[in-house]
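S.K.: Sequence and predicted structure, then a few things I'm wondering about:
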Amino acid sequence: MAGRNGLFVPGPTNIPDRVLRAMVVPMEDHRSPKFPKLTLECLAGLKKVFKTTTGTPFIFPSSGTGCWEAALTNCLSPGDMVLVSRFGQFSHLWIDMCHRLGFEAQVLECEWGEGAPVDRYRAALAADTGHKIKAVLVTHNETATGVTSDVAAIRRVMDETGHPAFLMVDAVSSLASIDFRMDEWKVDVCVSGSQKGLMMPAGLGITCVSEKALEARRSSAKQPRCYFDYLDMLAQNKNGYFPYTPALPLLYGLKEALIALEEEGLENVFKRHAYLAGGVRAAVQEGWKLNVCAKKPEWYSDTVSAVVVPEGFDAAKVIDRAFRRYNLSLGAGLSKVAGKVFRIGHLGDCNELMLMSAIGGAELAMIDCGLPIEPGSGIAAAQRYWRAHEARASGTTGGM
């Protein structure tokens, strides 16, 4: 099929050409005297993205799932209890990992489309007077439902109740796209990956760890771990090396992606994502007269919109039609929302014209599948939104 595939899943995302070029490098000796410069530049750039001066970033050759495991096994001991809410497929999978690793999980069940239930976290922490809960887990942006939760509010209730548990945050589909503040929110472990807001191929597990979490690994955590050991990474990273062979081309790509983010300005990156998301939601709600999965505006995600198809229609058929007929990749509904939603990813290296193709292609596919959508309605609504709003502060320029 002529032309490029329209990639609008919520990860992996589109990779800027400059990042692709940066990864085309010959292999080199990762124990050479010059190699540490690359490592240390990447780690320094990540500290800015995490908004931390005190946290320690680590780069694992893995996906974000590996960093989930690292968080649990480096900070906890066998049988420890975690407090966690389930409101989508990825929060569910982290809970599943807790069970499979032998931890006890106190699960706050939520309707899919809601965010992390702050008041229920408060009640559970207040009731835990013996501090049996050792870690509080929250998914910042639930990719399956297009829901963003208030991590700062979770930290506030932990402080209000005086609870000493670790705060662990999944920011896989929010880091470098939605505001995240490691130090201000006193996050102990943040988990992410290379293939979303960092505009990279999948393959790097990106995480940042507080000194409190590192001290737990040194002194109290008894859970077995090997490949994902923070202390092994710490010992080698301080000199710019890794305890095993790193993913060399990806590190060069990461360095370039971090430069691009700094050139645009992280706050402008957040503004751009909010602006683009607003246009997509206008297409869905005002143009197509459909709903997003997120139940309230306070939970709307700026990186992915899960579009709910009307009852009696199958979202999987829309996704299939979009791909087979129009070479457009839309995100599938997962688990409880399979067949009920399709997802439009609007994160990473993305702009208005790129999203116009996603909206137009989704319209074509929905109409082909019999949905009562007026041709051009979503595109027109998005155009009206974007013409009425600004993507970034005046006087700034993008760096993509």
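M.R.: That came through fine. Numbering: from 1, shown residues only.
S.K.: Tell me how far Cys75 lies from Thr52.
M.R.: Remark: distance between Cys75 and Thr52 (C-beta to C-beta, to the nearest Å) = 17 Å. The C-beta positions use only the backbone N, C-alpha and C, and glycine is treated the same way.
S.K.: Looking at these two, which one has more neighbours?
M.R.: When neighbours are counted by other C-beta atoms under 10 Å, Cys75 comes out ahead of the other of Cys75 and Thr52, with 28 against 21.
S.K.: Spatially nearest residue to that one (excluding sequence neighbours)?
M.R.: Ala216 (4.8 Å; C-beta to C-beta, 6 or more residues apart in numbering).
S.K.: Validate this expectation: the one you found resides in a strand.
M.R.: No: the assignment for Ala216 by DSSP: H, G, I helix; E, B strand; the rest coil gives helix, which leaves it out of any strand.
S.K.: any idea of the pLDDT on it?
M.R.: Looking at Ala216, its pLDDT stands at 98.
S.K.: my guess is it meets Ser77, correct?
M.R.: No: in this structure, Ala216 is not within contact of Ser77 by C-beta atoms under 8 Å, at 9.2 Å.
S.K.: who has more neighbours, those two?
M.R.: Set side by side, Ala216 and Ser77 show more neighbours around Ala216, with 22 against 14, by other C-beta under 10 Å.
S.K.: Would you mind measuring from that one to Cys190?
M.R.: On the measure of C-beta to C-beta, Ala216 and Cys190 end up 16 Å apart.
S.K.: how about low-confidence regions in this protein?
M.R.: Low-confidence segments of the chain, defined by pLDDT under 70, span residues 392-400.
S.K.: at 90 instead, please
M.R.: 1-2, 390-400 (pLDDT under 90).
S.K.: Sketch out the strands for it, chain order is fine.
M.R.: 6-8, 56-60, 81-86, 104-109, 133-139, 141-142, 147-148, 166-170, 189-193, 205-209, 291-292, 304-308, 328-332, 341-345 (DSSP state E).
S.K.: ok, now which ones touch the nearest residue to Asp368 once chain neighbours are set aside?
M.R.: Nearest residue to Asp368, sequence neighbours excluded (C-beta to C-beta, 6+ apart): Arg321, at 5.2 Å. Counting by C-beta atoms under 8 Å, 6 or more residues apart in numbering, Arg321 touches 365, 368-369.
S.K.: which of these lies closest to Asp179?
M.R.: Nearest to Asp179, judged by C-beta to C-beta, of the contacts of Arg321 is Ala365 at 32.7 Å.
S.K.: what about the residue lying closest to the closest one once chain neighbours are set aside, how many residues close to it?
M.R.: Among residues not flanking Ala365 along the chain, Ala322 sits closest, at 3.8 Å (C-beta to C-beta, 6+ apart). Using other C-beta under 10 Å, Ala322 has 25 neighbouring residues.
S.K.: wait, what's in contact with Ala322?
M.R.: Counted by C-beta under 8 Å, 6+ apart, Ala322 has contacts 328-330, 342, 361-362, 364-365.
S.K.: related to what we said a few turns ago, would TSV of the strands of the chain with mean neighbour count and distance to Val280 be doable?
M.R.: Formatted as TSV, the strands of the chain follow (neighbours: other C-beta atoms under 10 Å; distance: least, C-beta to C-beta, whole Å):
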stretch	mean neighbour count	distance to Val280
strand 6-8	22	10
strand 56-60	23	31
strand 81-86	23	26
strand 104-109	15	29
strand 133-139	25	21
strand 141-142	34	15
strand 147-148	27	14
strand 166-170	26	23
strand 189-193	29	22
strand 205-209	30	25
strand 291-292	20	9
strand 304-308	27	5
strand 328-332	21	12
strand 341-345	28	6
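S.K.: Only the buried residues of stretch 220-228, if you could.
M.R.: For stretch 220-228, burial by neighbour count (16 or more other C-beta atoms under 10 Å) applies to 221, 223, 225, 228.
S.K.: will you turn the contacts of Arg321 into a markdown table that also has distance to Glu390 and neighbour count?
M.R.: Shown next, in a markdown table, are those (distance: C-beta to C-beta, whole Å; neighbours: other C-beta atoms under 10 Å):
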| residue | distance to Glu390 | neighbour count |
| --- | --- | --- |
| Ala365 | 31 | 24 |
| Asp368 | 35 | 15 |
| Cys369 | 35 | 19 |
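S.K.: Perfect, that will be all.
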